[in-house]
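Chemist: when you get a sec, could you give me coordinates for this:
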Amino acid sequence: MKFAWCMIVLEVMLSACDDSDGANTTALGNQEVSAQSLCVSNSCGERVELFRVPEAENSLLTMNNRMFISGDFLYELTRDAEAEYRLDVVGGDGSNFFNGLAEYQNYLYVIHAGQIFVSSLDGFIDLQPAFTLEGMILPNGMTATPDGHLYITDGPISVTPQIVRLTIDPANPTRILSQEVWLAEGLFGPNGIDYKRLNGIDTLFISDDGNRSIFRLSIQPDGTPGQLDTLHTRSTFFDDLTIVGDHLLVTDYYLGTVFLLSPQGEVLQETDILTFQGTSSVQVGRGGQFPEGHLFVTERGQQFDTLTPFGNALSVFRPQTTNCHGIQCWFLPLDIFRLKHQKSDNTLIFRTN
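Modeler: Below is the predicted model:
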């Protein structure tokens, strides 16, 4: 079956306060931003809301520099040569929201309504059902490994907290061959997950809200899980995380922050409490259409509440051009933008003066 596409387009012009280069679609591949160069503090950066995104949950920046946001629909964020951001609906019919996102061999994998959908990343997104997940309460975080596996967290409200592993058909990336429980012991509420090969070791990082911890976990040469190492812990509700070099960017849902974590588990930088509203995921711009070092943050707000103005947003945290801290930054768009509504063919446009 195919999704009934909802052609809603939203745009925001930021060129009046953004002097970075315009967009290009050059594939940036493994190019990484230095974690040491990031601004993850209100002393140097500011939050600017880009779009309202009901149920804003996960995000993914692909190898060819395309950014996808999951929420009530699946969205793609783009930016043109005039530094104008645009958000397009590329999947969904509004009946169920989207969760985890991953990429493997130039294919996009998406969790939606208990299934895995797949689309080529060449051209337009055309999601097709590939696999029905079994025995999972809330499949959420997802990451892919180079050997053709998808790792998915089942939590944080699952009665059987676990990480499952799917095997992708090596001859056809649109087919998934099998599902297995990869790890259950020691997990109480796995949520975010990300993969990278560090120092020759295949490594997963996992946020676990039952344990109030960030774990580091190796994938053994035979594919089995290594030991869960606690990297960081505190009394809060962690959501998603993103690897930057050998550091981590972590979203704190309760405190409404993003923080930078060292390989030793030390918090190096953190935004002010309540800079964001139910922080749920973060991606780092690598240049091109997404300015290097800018943090693109989804804000879930109150779960399953799409009507109030709390959360339900996609924001950018960027080098500071105004002076605000914490809760003050929620109202920044009202202060620096003049809102114009232009409704035509289901189009809603936001522009600055």
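Chemist: check the offset of the host helix or strand of Q179 from the chain's centre.
Modeler: In the assignment (DSSP states H and E), Q179 maps to strand 176-183. Put simply, strand 176-183 sits 23 Å off its chain's centre (Cα atoms, centre = their mean, to the nearest Å).
Chemist: just the helices in this protein please.
Modeler: Assignment of helices within the chain using DSSP state H yields the ranges 332-336.
Chemist: pLDDT below threshold where in it?
Modeler: For the chain, residues meeting the criterion pLDDT under 70 lie at 1-31, 302-308, 322-353.
Chemist: nearest residue to the middle of it?
Modeler: The central residue of the chain, meaning the one whose C-alpha is nearest the mean C-alpha position (Cα atoms, centre = their mean), is S59 at 2.4 Å.
Chemist: return the distance of L60 relative to L204.
Modeler: The span separating L60 from L204 equals 16 Å under the rule Cβ to Cβ, to the nearest Å. Placement of C-beta: from N, CA and C, glycine included.
Chemist: for stretch 266-275, which residues meet the burial criterion?
Modeler: Residues of stretch 266-275 classed as buried by neighbour count (16 or more other Cβ atoms under 10 Å): Q269, E270, T271, D272, L274, T275.
Chemist: could you do stretch 113-125 as well?
Modeler: Within stretch 113-125, the residues that count as buried by 16+ other Cβ under 10 Å are I116, F117, V118, S119, L121, I125.
Chemist: ok, the residue nearest to the centre of the chain to G226 distance?
Modeler: Between S59 and G226 the distance is 28 Å, computed by Cβ to Cβ.
Chemist: dump the residue contacts of the residue nearest to the centre of the chain.
Modeler: Under the criterion of Cβ atoms under 8 Å, 6 or more residues apart in numbering, the contact partners of S59 comprise M67, F68, I69, S70, L101, D240, S281, V282, Q283, F296, T298.
Chemist: need those in JSON lines (columns: neighbour count and distance to E185).
Modeler: Below are the contacts of S59 laid out as JSON lines (neighbours: other Cβ atoms under 10 Å; distance: Cβ to Cβ, whole Å):
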{"residue": "M67", "neighbour count": "21", "distance to E185": "35"}
{"residue": "F68", "neighbour count": "24", "distance to E185": "32"}
{"residue": "I69", "neighbour count": "26", "distance to E185": "33"}
{"residue": "S70", "neighbour count": "28", "distance to E185": "29"}
{"residue": "L101", "neighbour count": "25", "distance to E185": "27"}
{"residue": "D240", "neighbour count": "27", "distance to E185": "23"}
{"residue": "S281", "neighbour count": "28", "distance to E185": "26"}
{"residue": "V282", "neighbour count": "25", "distance to E185": "29"}
{"residue": "Q283", "neighbour count": "23", "distance to E185": "31"}
{"residue": "F296", "neighbour count": "24", "distance to E185": "34"}
{"residue": "T298", "neighbour count": "28", "distance to E185": "30"}
